[in-house]
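Participant: Just need the structure, nothing else, for what follows:
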Amino acid sequence: MRVADLVSDTALNIRLAVEGGPGRLARPIAWCAPTEHMDPRPFLSVNALLLTNGMGLNVKDYRIWDAYVERLMSVPVSGLVFGLGAAHRELPAGLVKACEAQGLPLLELPPEVPFVLVMRHADQLLAAERYAELRTGWELADECTRLAAGGHSLAEVLERVATAVRARVAVLDHNGFELLSAGTAKGGTARTILSLPSGGILRFRLAIEGITSSLVLQPLLGPVAAVIAMQLSYTLGSRSPLHSREAARFMEALYEVRGTPTPVLRRYAAEAGFEPDGGWGSVLIGGAGEVAPVRLRATAWRVRVGLQAEYRTVRFMEEAGLTTVLVQGGESGTELTEVVRTSFQDAPELSAVVSHCWNLDELPLVLQLARRRVGEPGLRQAPVADLIGVVEGLPGPGLVAMSRRLLAPLMSDGGAALRETLEAYLRHSGNTSETCRELFIHRNTLTYRLRKIQELLRVDLDDGEIRATCLLALRIVAAGS
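Facilitator: Residues are numbered from 1 along each chain as shown. This is a model prediction of the structure:
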């Protein structure tokens, strides 16, 4: 209900004496406040419609009227209805002048129309509006509930809300970071914030930008806020299908040191909602050094919400200091790294590793390779393969036994220093300066140790193939131990 609605209602016969400042007639009326106090501010609230006969203001001094209107504008009230007959036969000139100067709408009420009629009429209109707002809010909440129950993402639910309010709507985490948004702020940058119901440590809020209509947001979005909070909890919470027992069992099997047979992995993948024969994307998020667990988890949540908007299937598993996310079925063709980057941009101290593979046979090794890269600050793409990955993929206990036999002279307690020297020397591609710097030894000591190693193993370390064989043997023994 607006001030203009009272003026246009012929049943009340109210005359508009002063239009007020720009947009003042469109100001909403929250309630009617009849009062004869010279300073009614303690009894008023924002957007009250003040009704008075001016009994306590039977004065001619303009300054008194000006001070009176100034007090009303400080609340501010939506308008002033001045009733004629009881104390004034016509509108006081000082009051008209003060309302014109300060932009307050002034409405003249004829003597035959009592205040109670205006109040009853306003209450009926306000009650009808509030009912309509609540009904619209519950209808929107009902529609959003059906969308969520039908498998639509949180982004799609937000899109429906943004369409209803004709503005930009965003979900913010406790740090003010936007998890996701929908719509466009066509009406400017003014922002309204609504808290989303949450029982957890991390609090989420709903931000609405650019309201161009006369919608009252709280009645409209109050019911739908609960739906968004539930879906957010569903998306991020430990009881959702994103974090189901089946998903956890599948990922634990992928990380199994001794390896899980492929038929078992295929069954676990299908039970977790994946297509076993499809391609895979993975994101591992961990800390680079000392990172607060809440900070790490909040960033992982952002990434998961962003991924759910882009991929058909998203599952994750949380461990202490590490979150593993697996995805399949990218809808928009957006590169996985770019999706993660959007949610990772304000957390440079964290570590995230993105990787891809074409089939389930590769996936365990790909995850192990990515896991070894977690810890370096920033976002990076895991390499397709590394030496450890190749070694871990080699089959058969016979190869481990063969490698142990080759390195047997260095496997005793007394050979530990020689074994460490050989590994560092091979890892630095025969660079003696780098090897000495890592081991904190003199060049002569390195020369002595290398000569001793060649004598014990009966090999020539100047031969490139021999060096590659020894390095592989060291990795195979380490992986098999």
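Participant: Determine the longest helix present in the chain.
Facilitator: Taking DSSP state H as the criterion, the chain has its longest helix at helix 115-149.
Participant: got the CA coordinates for the very next helix or strand once past that one in CSV?
Facilitator: Reading on from helix 115-149 to the C-terminus, the next helix or strand found by DSSP states H and E is helix 154-165. Provided in CSV are the C-alpha atoms of helix 154-165 (Å, rounded to 0.1, in the frame of the first residue of the first chain):
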residue,chain,number,x,y,z
LEU,A,154,21.1,-25.0,-6.4
ALA,A,155,22.1,-22.7,-9.3
GLU,A,156,18.8,-23.5,-11.1
VAL,A,157,16.8,-22.8,-7.9
LEU,A,158,18.6,-19.5,-7.5
GLU,A,159,17.8,-18.6,-11.2
ARG,A,160,14.1,-19.1,-10.4
VAL,A,161,14.4,-16.8,-7.4
ALA,A,162,16.2,-14.2,-9.4
THR,A,163,13.4,-14.3,-12.0
ALA,A,164,10.8,-13.8,-9.3
VAL,A,165,12.4,-10.8,-7.7
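Participant: host element of the most centrally placed residue in the chain?
Facilitator: The centre of the chain sits closest to Leu179, judged by Cα atoms, centre = their mean, with a distance of 2.0 Å. Counting by DSSP H and E, the element that carries Leu179 is strand 178-182.
Participant: what does the helix or strand hosting Ala98 rub up against?
Facilitator: Element membership of Ala98, judged by DSSP H and E, is helix 93-102. For helix 93-102, the external contacting residues (Cβ atoms under 8 Å, 6 or more residues apart in numbering) are 17-18, 20, 54, 57, 59-62, 64-66, 68-70, 73, 80, 82, 104-106. Just so you know, the C-beta spots here come from the backbone N, C-alpha and C atoms, and that holds for glycine as well.
Participant: Narrow those residues to just the buried residues.
Facilitator: Buried subset of these (neighbour count, 16 or more other Cβ atoms under 10 Å): 17-18, 20, 54, 57, 64-66, 68-69, 73, 80, 82, 104-106.
Participant: Point out the least confident member of these, please.
Facilitator: Lowest in pLDDT among the buried ones among the contacts of helix 93-102 is Leu57, which has 79.
Participant: I'd like the distance between the residue nearest to Glu129 when sequence neighbours are not counted and Ile208.
Facilitator: Nearest residue to Glu129 in three dimensions, chain neighbours excluded: Met1, at 5.8 Å (Cβ to Cβ, 6 or more residues apart in numbering). Using Cβ to Cβ, to the nearest Å, Met1 is found at 22 Å from Ile208.
Participant: Where helices are concerned, which of the contacts of helix 93-102 count?
Facilitator: 62, 64-66, 68-70, 73.
Participant: export the residues you listed to JSON lines and tack on distance to Ala33?
Facilitator: Shown next, in JSON lines, are these (distance: Cβ to Cβ, whole Å):
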{"residue": "Tyr62", "distance to Ala33": "24"}
{"residue": "Ile64", "distance to Ala33": "20"}
{"residue": "Trp65", "distance to Ala33": "19"}
{"residue": "Asp66", "distance to Ala33": "21"}
{"residue": "Tyr68", "distance to Ala33": "14"}
{"residue": "Val69", "distance to Ala33": "15"}
{"residue": "Glu70", "distance to Ala33": "17"}
{"residue": "Met73", "distance to Ala33": "15"}
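Participant: closest to Gly281 among these?
Facilitator: Nearest to Gly281 out of the ones in helices among the contacts of helix 93-102 is Met73 (Cβ to Cβ; 59.4 Å).
Participant: what residues are up against the closest one?
Facilitator: Met73 touches 102-104, counting by Cβ under 8 Å, 6+ apart.
Participant: Let me know the closest of those residues to Ala352.
Facilitator: Gly103 (54.8 Å).
Participant: That closest one and Leu254, how far apart?
Facilitator: Gly103 is 69 Å from Leu254, by Cβ to Cβ.
Participant: So for the closest residue to Leu16 other than its chain neighbours, what pLDDT did the model give?
Facilitator: Spatial nearest neighbour of Leu16, excluding adjacent residues (Cβ to Cβ, 6+ apart): Val7 at 4.7 Å. With respect to pLDDT, Val7 scores 80.
Participant: all strands in the stretch 351-481 of the chain, in order from the N-terminus.
Facilitator: 378-381 (DSSP state E, counting those that start in this stretch).
Participant: Quick one: low-confidence residue ranges for it.
Facilitator: 385-398, 480-481 (pLDDT under 70).
Participant: if we go to 90?
Facilitator: Within the stretch 351-481 of the chain, the ranges that satisfy pLDDT under 90 run 351-352, 356-409, 411-416, 427, 429, 458-459, 462-481.
Participant: likewise the stretch 201-350 of the chain?
Facilitator: Using pLDDT under 90, the stretch 201-350 of the chain drops low at 201-249, 254-263, 286-323, 329-350.
Participant: Where do the helices of it begin and end?
Facilitator: For the stretch 201-350 of the chain, the helices defined by DSSP state H, counting those that start in this stretch occupy 217-236, 245-254, 262-271, 293-310, 336-344.
Participant: so which of the ones you listed gets nearest Leu369?
Facilitator: Comparing these by Cβ to Cβ, helix 245-254 comes nearest, at 12.2 Å.
Participant: how about the helices of the stretch 201-350 of the chain in CSV, adding mean neighbour count?
Facilitator: As requested, the helices of the stretch 201-350 of the chain are exported to CSV (neighbours: other Cβ atoms under 10 Å):
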stretch, mean neighbour count
helix 217-236, 20
helix 245-254, 18
helix 262-271, 16
helix 293-310, 20
helix 336-344, 19
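Participant: Distance to Asp277 added to the ones you listed, as CSV?
Facilitator: Output for those, formatted as CSV (distance: least, Cβ to Cβ, whole Å):
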stretch, distance to Asp277
helix 217-236, 27
helix 245-254, 15
helix 262-271, 8
helix 293-310, 21
helix 336-344, 19
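Participant: so which of the ones you listed gets nearest Asp39?
Facilitator: Across the helices of the stretch 201-350 of the chain, Asp39 has its closest neighbour in helix 217-236 (30.0 Å, Cβ to Cβ).
Participant: Surely the residue nearest to Leu16 and Ala17 touch.
Facilitator: No: here Val7 lies out of contact with Ala17, judged by Cβ atoms under 8 Å, at a distance of 10.1 Å.
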